[in-house]
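[1] Prediction below, plus the sequence it came from.
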Amino acid sequence: MAKAIHMMVRVLDEARSVGFYQTAFGLAVADRFAFESFTLVYLRNAEADFEVELTVNHGRAEPYRHGDGYGHVAFAVDDLDAEQARLTAAGLAPDPVRELTRDGARMARFFFITDPDGYRIEVVQKGGRYR
């Protein structure tokens, strides 16, 4: 059986990205590995073993192009409204809370936030299939 262990994004500014993920999702640096031309930074919290891997390519100055294939990564939270308010107060500019319905029933409540490198992140209320 396979187990999801991490997702990776390329970032320009390590400190800015680490700060964003720490403030937004309580992720802390679990490991950091510097190589000659790049650095790998693994972020996680006590909630799950799944990690966000930040890849910092040394000497890169221009932003990465995301293309049209990247969608988003999602984080589930206990209190969506409180998280949206907290992130707003932290100056991270989350989008408004939205609802997705299917066959007349609520499937999900969520909002999106964008990290410093333009990656979209969904924050979804825990419940149902989102645990």
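    Looks like it arrived, so ask away.
[2] Now tell me what touches the longest helix seen in the chain from outside.
    In the chain, taking DSSP state H as the definition, the longest helix is helix 14-25. Taking Cβ atoms under 8 Å, 6 or more residues apart in numbering as the criterion, the residues outside helix 14-25 that touch it are 11, 27-29, 39, 41, 43, 45, 52, 54, 56, 75, 87, 90, 92, 113, 115-117, 121. In short, each C-beta sits where N, CA and C put it, glycine included.
[3] and if you look at stretch 117-125?
    Applying Cβ under 8 Å, 6+ apart, the contact partners of stretch 117-125 are 9-12, 17, 24, 63-64, 66, 70-77, 79-80, 83-84, 87, 94, 108-115, 130.
[4] PyMOL command for the buried members of the residues you listed?
    Restricted to buried positions by 16 or more other Cβ atoms under 10 Å, the PyMOL selection for the contacts of stretch 117-125 reads:
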select buried, resi 9+10+11+17+24+64+75+76+77+80+83+84+87+94+108+109+110+111+113+115+130
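[5] returning to what we had before: quick one: mean pLDDT for the longest helix of the chain?
    The pLDDT scores in helix 14-25 average 97.
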